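*Asks:* model the structure of this input:
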Amino acid sequence: MERRYLFFGVLIAVLVGGHLSLWPRVSFAAIRDADLDSLTDESESAVYRTDPTVFDTDGDGVGDGEEIVNGTSPSDPNSSRLSDLARPDVGILGNKEKWPWYFGRATGLLAFVLLTFGSVYGLVMSSRAFQKVISGAVSYELHRTLSWVSLGAVLLHVGSFFFDDFLNIRFIEAVVPGALTRAFPSALGFDMGLAVAFGIAGLYFMIILLLTSEFRAKISQQVWRRTHYVSFIAYMTFIVHGFMAGSDSGETWVRVMYVVSLSLVSGLIIIRIISRTIIPRWRARGAVSNNPPSPESLSPAS
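*Replies:* The predicted structure follows:
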């Protein structure tokens with residue numbers, strides 16, 4: 001009798017021990033991710049029919065797990081959104097899904113051109129070298145009008161990407177620098193979040209400059225002048241944003257546009273410094289040397 005109980009006890013122990021030793025293996029297999037694509041090996045083999053040892057089964061540049069989240073097929077290289085962008089362009093009327101993308105690119109370039117001309121007329125207005133060519137009043141009105149129109153173009157540029165199914169930007173990502181994070185880089189390989197952060201910073205600089213100019217009569221001249229010194233920083237942030245994030249930055253004509261704009265603005269800044277600082281000092285020194293003090297003014301008071 002005791003031998004029978006002993007036999008059943010050993011049999012139960014073997015069965016339980018074998019089950020307990022098998023359970024960790026099954027559990028580990030259920031959560032194992034050999035290729036680190038955020039899909040378990042079991043789900044890749046049984047559900048998605050992808051290779052559990054390859055990060056990107058279809059070789060389209062997007063990981064299997066990311067494609068599942070994005071709603072594309074990890075086993076079809078033609079279903080990736082990145083592959084869609086690399087295909088031949090069918091034109092703006094050929095693909096309605098890309099209309100927001102085209103509109104965003106067009107308004108971005110338009111905003112930069114308007115911003116360049118606005119900066120040019122602002123520098124012309126503040127430089128004395130061009131007073132005989134164009135009056136200060138005309139330069140001021142052109143500078144003010146172009147600045148507000150360029151702000152409108154920037155807002156249209158930002159708003160278009162709310163409707164783009166690729167970038168799919170959210171409001172918080174459009175107003176907070178660094179909030180936008182995307183796995184894919186820009187057209188030139190730059191970090192998309194950093195590129196957009198420069199654009200948001202430039203927008204805030206632009207708004208500050210416009211508001212302080214509109215309420216110039218209610219603030220001190222010194223505050224307005226110091227605030228306006230950031231205009232060149234704002235201009236540079238837009239150039240960096242456009243070059244890093246722009247889909248057309250690789251085009252020769254776009255790069256020429258950036259170089260011409262930067263050269264023109266930089267040249268006018270140099271002319272402004274010379275006409276308002278260096279030349280007046282030279283004239284003041286020349287006036288002193290041409291009119292030496294009289295002997296009476298140098299004699300001690302009696």
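
*Asks:* tell me where this protein has helices.
*Replies:* If DSSP state H is used as the criterion, the helices of the chain fall at 2-31, 41-43, 64-70, 81-86, 99-126, 136-160, 171-175, 192-214, 221-228, 231-245, 252-273, 279-290, 295-298.

*Asks:* identify whichever of those lies nearest to residue 185.
*Replies:* The closest approach between residue 185 and any of these, judged by CB to CB, belongs to helix 192-214 at 6.2 Å. Bear in mind the C-beta positions are built from the backbone N, C-alpha and C, glycine included.

*Asks:* coming back round to it: include mean neighbour count and distance to residue 185 when you put the helices of the chain into a markdown table, please.
*Replies:* Formatted as a markdown table, the helices of the chain follow (neighbours: other CB atoms under 10 Å; distance: least, CB to CB, whole Å):
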| stretch | mean neighbour count | distance to residue 185 |
| --- | --- | --- |
| helix 2-31 | 9 | 31 |
| helix 41-43 | 16 | 28 |
| helix 64-70 | 19 | 14 |
| helix 81-86 | 14 | 10 |
| helix 99-126 | 20 | 16 |
| helix 136-160 | 17 | 20 |
| helix 171-175 | 14 | 16 |
| helix 192-214 | 18 | 6 |
| helix 221-228 | 12 | 35 |
| helix 231-245 | 20 | 10 |
| helix 252-273 | 14 | 18 |
| helix 279-290 | 10 | 47 |
| helix 295-298 | 7 | 71 |
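
*Asks:* any idea which of those helices gets closest to residue 183?
*Replies:* With CB to CB, the closest approach to residue 183 among those belongs to helix 64-70: 6.3 Å.

*Asks:* so for the closest one, what's the average pLDDT?
*Replies:* Here the mean pLDDT over helix 64-70 is 76, rounded to a whole number.

*Asks:* for it, which outside residues touch it?
*Replies:* Defining contact as CB atoms under 8 Å, 6 or more residues apart in numbering, one finds that helix 64-70 is touched by 35, 37-39, 44, 48, 50, 54-57, 62, 73-74, 79-81, 183.

*Asks:* buried by neighbour count, from those: which ones?
*Replies:* Among those, those scoring as buried are 35, 37, 39, 44, 48, 50, 54-57, 62, 73-74, 79-80 (criterion: 16 or more other CB atoms under 10 Å).

*Asks:* greatest separation within those residues: which pair is it?
*Replies:* Using CB to CB for every pair in these, the one that comes out farthest apart is 35 and 79, at 19.3 Å.

*Asks:* what's the local residue count around residue 181?
*Replies:* Residue 181 is flanked by 10 other residues according to other CB atoms under 10 Å.

*Asks:* check contacts around it.
*Replies:* Each residue near residue 181 by CB under 8 Å, 6+ apart is listed here: residue 193.

*Asks:* I'd like to know how far it sits from residue 63.
*Replies:* When distance is defined by CB to CB, to the nearest Å, residue 181 is 16 Å away from residue 63.

*Asks:* next one, pLDDT for the residue nearest to residue 227 when sequence neighbours are not counted please.
*Replies:* Distance criterion CB to CB, 6 or more residues apart in numbering; nearest residue to residue 227, sequence neighbours excluded, is residue 212 at 4.9 Å. pLDDT recorded at residue 212 is 90.

*Asks:* was I right to think residue 212 contacts residue 224?
*Replies:* Yes - between residue 212 and residue 224 there is a contact at 5.7 Å, judged by CB atoms under 8 Å.
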